[in-house]
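Asker: predicted model follows, preceded by the sequence.
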Amino acid sequence: MKTLVVCSGGLDSVTLAHKIAAEESLTHLVSFDYGQRHKKELEYARRCAARLGATHEVIDITDIGRRLTGSALTHGATVPDGHYAEETMRLTVVPNRNAIMLAIAFGVAVAKEAQAVAAAVHGGDHFIYPDCRPPFVKAFATMQRFALDGFAQIALETPFLRRSKADIVREGARLGVPFEETWSCYKGGDRHCGRCGTCVERREAFHLAGVDDPTVYDDPDYWLEARRAFLAKHPA
C-alpha cells in the first residue's frame with residue numbers, strides 16, 4: 001500500500017516511518033511548520049526521509065499557527081517542566097492541530113496518489129490531546145471518506161493508537177531506528193533539556209522498554225524526580 005506518513009521528526013513519527021517502510025510502501029513524508037519553538041525537529045524529519053529513500057515536504061502553516069494562540073509550543077508561555085501526565089502539560093495543546101494537519105495530509109495524499117495516510121498518535125497522548133484519541137481518529141476517518149467520496153479511497157493508519165510510548169521504543173529498537181536521529185524536546189535548545197514533559201516521557205519510555213537511551217540531555221536524571229512527584233499525586 002502506497003503510504004504517506006505525517007512526520008514531525010520526533011521519536012514516534014520517525015519510528016512509524018521506519019515501520020511503514022518495512023511493512024508497506026513508504027512514498028512520502030509530510031512535515032508541518034506551524035511556528036513551533038522546537039522547529040529543529042523538521043531537520044530530523046528531513047534526515048528520516050533521506051535515510052528511507054522517500055520524498056519529503058515541509059508545509060508552511062505558520063500563518064495558521066499564529067492564530068492558534070494559548071499554547072506554550074507557539075507563543076510566549078513557558079514550556080512547563082514535569083511529568084508528561086501532569087495537568088500543566090495542557091499548556092502544550094495547540095488547538096485543533098492534528099485535525100488541521102491531517103486534513104492537509106489527505107489532500108496531499110490525493111495529489112500523490114497514495115492509498116493511506118499514517119499518523120503516529122499513541123496511547124500516551126490520550127489524556128492530554130483530544131485529537132489523538134480513538135473517537136477522534138474514528139470520526140476523522142469517516143469524515144475523510146465523505147470528503148473524498150467519488151475521488152479517492154484513502155485509509156487513515158494509526159498503528160500506535162492504543163500502544164504506549166514504551167511500546168513504540170521497543171518497536172523502534174526492533175526496526176533499528178537510530179533514536180539519536182529523532183527530536184522530542186519542546187524547548188528547542190542545542191540538546192534535549194531533560195525537564196520538559198516530552199523529554200521526561202521520552203526518558204521514562206526508554207526505561208520502561210528496557211532499551212538504552214542514546215539521547216544526550218542537559219538534565220538526564222530529572223525524569224526520576226518528575227516521575228516520583230507524579231506517582232505521589234496519583235498512586236496506583
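Answerer: Yep, that arrived. Small disclaimer: the values here were computed from a predicted structure and weren't measured.

Asker: the strands in the chain, which residues?
Answerer: 2-6, 25-33, 55-60, 116-118, 155-157 (DSSP state E).

Asker: assess the claim that Gln36 and Leu68 are in contact.
Answerer: No: taking contacts as C-beta atoms under 8 Å, Gln36 lies outside contact range of Leu68: 10.7 Å. For the C-beta atoms, the positions are set from N, CA and C on the backbone; glycine is no exception.

Asker: sorry, back to before: so which of the strands of the chain is the most packed in?
Answerer: Of these, the one with the most neighbours on average (mean count of other C-beta atoms under 10 Å) is strand 2-6, at a mean of 25.

Asker: any weak-confidence spans in this structure?
Answerer: Counting by pLDDT under 70, the ranges of the chain that qualify are 70, 72-76, 84-93, 125-127, 236.

Asker: quick one, helices of it?
Answerer: Remark: helices assigned in the chain by DSSP state H are 11-23, 41-52, 62-65, 97-112, 134-147, 165-175, 197-209, 222-233.

Asker: how about the contacts made by the spatially closest residue to Phe206 that is not a sequence neighbour?
Answerer: Excluding its sequence neighbours, the residue lying closest to Phe206 (C-beta to C-beta, 6 or more residues apart in numbering) is Asp213, at 3.7 Å. Asp213 makes contacts with Phe179, Arg202, Arg203, Phe206, His207, as judged by C-beta atoms under 8 Å, 6 or more residues apart in numbering.

Asker: so among those, which ones count as buried?
Answerer: Among the contacts of Asp213, those scoring as buried are Phe179, Arg202, Arg203, Phe206 (criterion: 16 or more other C-beta atoms under 10 Å).

Asker: tell me the two of the residues you listed that are most distant?
Answerer: Maximum pairwise distance among those (C-beta to C-beta): 11.6 Å, between Phe179 and Arg203.

Asker: give me the common contacts of the two.
Answerer: Asp213, Thr215.

Asker: pretty sure Leu29 contacts Ala54?
Answerer: Yes: if you go by C-beta under 8 Å, Leu29 and Ala54 touch, sitting 5.3 Å apart.

Asker: and for these two, which residues touch both?
Answerer: Taking C-beta under 8 Å, 6+ apart as the contact rule, the neighbours common to Leu29 and Ala54 are Val5, Ala17.

Asker: which one in this protein is furthest away from the centre?
Answerer: Gly150 (30.7 Å; C-alpha atoms, centre = their mean).

Asker: list the residues that contact Leu26.
Answerer: The contact partners of Leu26, taken as C-beta under 8 Å, 6+ apart, are Thr3, Val5, Ala17, Ile20, Leu52, Ala54.
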